[in-house]
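Participant: fold the following.
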Amino acid sequence: MSTYFHSVELEVDKCCGCTNCLKRCPTEAIRIREGKAHILSERCIDCGECIRVCPHHAKKAHSAELEDIKKFKYNVAIPAPALYGQFNNLDNVNIALTGLKAIGFDEVFEVSRAAELVSEATRKLIKEGKVEKPVISSACPAVVRLIKIRFPELCSNVLPLLAPIEVAAKTARKEAIERTGLKSEDIGVFFITPCPAKVTEIHTPNSVEKSACNGAIGISRIYPELTKAMDHLEHIETLSRSGLIGIGWATSGGESAGILRDKYLAADGIENVIRILEELEDEHIRDVDFVELNACSGGCVGGVLTVENPYVAQARIQKLRKYLPVTMNHLENDDMDNMSWENELQFDADIFRLSDDIFKAMEMMDKMENICKDLPGLDCGSCGSPTCRAMAEDIVKGNAKETDCIHKLKAQIQKVYDQLKDTL
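Facilitator: Numbers count the residues shown, from 1 in each chain. Below you'll find the model as predicted:
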């Protein structure tokens, strides 16, 4: 079974055992046991939905600290374009980029530059018919992991191109080595991230053996220091080298617009994403070439590691793009080879395996079906499992018992009461 690093963590002391996260988790990765939430590591996709809905702030996203850049001799920041939507009255991207240098980075390489290359590469692959249609974007790691866990039949539809953060990191590292003469291990490349899924992707990547990033720092972690630095800049450097296509990736529909085709679909928010994937799996959606899916509402600007309302941030991004050229980056001869996935996306069947022994697994499955038939089918979550079927699975695995179901327990108590009443 694959072992994942997880950026989403539970603060047990703050957890009150409510079922908000249990009901909203898209992969049924949460259980409530002994009054506390438990995250099933093998099923978690680090989408951050539990962080978003927890009223007690018991879930948090782990990311690198700004202090971590001191471990390296030379550091490059690769900011997500969603960063630009976090600041009020920002009319020049270069202010934010210069601010990153002011807080300790030696160089800045925009992820939006790499996004323009990925957009061009995507257009080329679709035109050549080398990917099964409809082509599903591989940019959102939470969606890629969701497909890997819940929609394995769609794995062949996922675009086999590295996400812009990985392309940016590889290019930034190569340029830094050429510029400084330093060894790769002396250079730190840090992604400024809007969401926890990208933190996880850097530590446990789907598409490569090892990420070119050394870490990801949440936007919310550096926001106070960065805004302070931006307010006191004496000189603004001209660092931006991306157009409206690249910066547009910050919001839902931005990647699709960069494909320059009319036959596309863009959806955001994990519940909407699941509905679209279900329809794709059932072959109800056939008249589109490209499908862009973002786990966060509004796109990357809606990530839980941002600080601004996603719709306000989206409006700011639209304003920033207004006077930019369409694109400033184009593919060179060997870029396509360097952007292709190293690993094929495959369904991890071990996640749902009941037992390594096929006969025992079949026996457990039969037992599970019988238990499920006997449960009320209300999917209320009061037992600590998200659905009655998940409850049945937990029972056969020995992680729960039938009396955890309050309806079954009530019926059992009533039966005992009736028997005692008859003896009086």
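Participant: can you show me the strands along this structure?
Facilitator: Per DSSP state E, the chain has strands spanning 8-10, 30-33, 36-39, 59-61, 74-79, 107-108, 135-136, 187-193, 215-218, 264-268, 290-294. These are given in chain order.
Participant: would you turn the ones you listed into TSV with distance to M364 and mean pLDDT?
Facilitator: In this view, the C-beta of every residue, glycine as well, is placed from N, C-alpha and C. As requested, these are arranged in TSV below (distance: least, C-beta to C-beta, whole Å; pLDDT from 0 to 100):
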stretch	distance to M364	mean pLDDT
strand 8-10	28	94
strand 30-33	18	96
strand 36-39	21	96
strand 59-61	31	94
strand 74-79	46	98
strand 107-108	54	98
strand 135-136	33	96
strand 187-193	40	98
strand 215-218	39	98
strand 264-268	36	97
strand 290-294	33	98
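Participant: Y311: which of those strands is closest?
Facilitator: Closest of the strands of the chain to Y311 is strand 264-268, at 11.3 Å (criterion: C-beta to C-beta).
Participant: touching that closest one from outside, list them.
Facilitator: 134, 252-253, 255-256, 273, 275-276, 285, 288-299, 302 (C-beta atoms under 8 Å, 6 or more residues apart in numbering).
Participant: quick one: strands adjacent to it?
Facilitator: Strand pairing for strand 264-268, determined by DSSP bridges: strand 290-294 (parallel).
Participant: can you pull out the low-pLDDT segments for the stretch 1-150 of the chain?
Facilitator: By pLDDT under 70, the weakly predicted segments of the stretch 1-150 of the chain are 1-3.
Participant: now do 50
Facilitator: 1 (pLDDT under 50).
Participant: neighbours around the nearest residue to S355 once chain neighbours are set aside, how many?
Facilitator: Using C-beta to C-beta, 6 or more residues apart in numbering and skipping the chain neighbours, the partner closest in space to S355 is A361 (4.2 Å). A361: 14 surrounding residues under other C-beta atoms under 10 Å.
Participant: report the contact partners of A361.
Facilitator: Here A361 is in contact with R353, L354, S355 (criterion: C-beta under 8 Å, 6+ apart).
Participant: which of the residues you listed ranks first by neighbour count?
Facilitator: Going by other C-beta under 10 Å, L354 tops the contacts of A361 with 17 neighbours.
Participant: neighbours around E128, how many?
Facilitator: Neighbours of E128 (other C-beta under 10 Å): 8.
Participant: which ones are touching T122?
Facilitator: T122 makes contact with V135, L159, L161, G258, I259, F290, according to C-beta under 8 Å, 6+ apart.
Participant: separation between it and V167?
Facilitator: As judged by C-beta to C-beta, to the nearest Å, T122 and V167 stand 12 Å apart.
Participant: same question, E28
Facilitator: Using C-beta to C-beta, we find E28 at a distance of 33 Å from V167.
Participant: okay, these two: which has more neighbours?
Facilitator: Higher neighbour count among E28 and V167: V167, with 24 against 17, using other C-beta under 10 Å.
Participant: ok, which stretches of the stretch 251-400 of the chain are helices?
Facilitator: 254-258, 270-281, 310-321, 335-339, 358-374, 388-396 (DSSP state H, counting those that start in this stretch).
Participant: out of those, which one sits most buried?
Facilitator: Mean neighbour count (mean count of other C-beta atoms under 10 Å) peaks for helix 254-258 among these, with a mean of 25.
Participant: could you check how far it is from the centre of its chain?
Facilitator: Put simply, helix 254-258 sits 18 Å off its chain's centre (C-alpha atoms, centre = their mean, to the nearest Å).
Participant: against which helices or strands is it packed?
Facilitator: helix 111-128, helix 244-248, strand 264-268, strand 290-294 (3 or more C-beta pairs under 8 Å, 6 or more residues apart in numbering; DSSP states H and E).
Participant: re the thing from before, I245: which of the contacts of T122 is nearest?
Facilitator: G258 (4.2 Å).
Participant: ok, the closest one - contacts?
Facilitator: A115, E116, S119, T122, I245, G246, G248, W249, T327.
Participant: nearest to L22 among the residues you listed?
Facilitator: W249 (32.4 Å).
Participant: burial check on the closest residue to that closest one other than its chain neighbours, number of neighbours?
Facilitator: Once flanking residues are discounted, W249 sits nearest to A115: 4.3 Å by C-beta to C-beta, 6+ apart. A115: 31 surrounding residues under other C-beta under 10 Å.
Participant: I appreciate the help and will end here.
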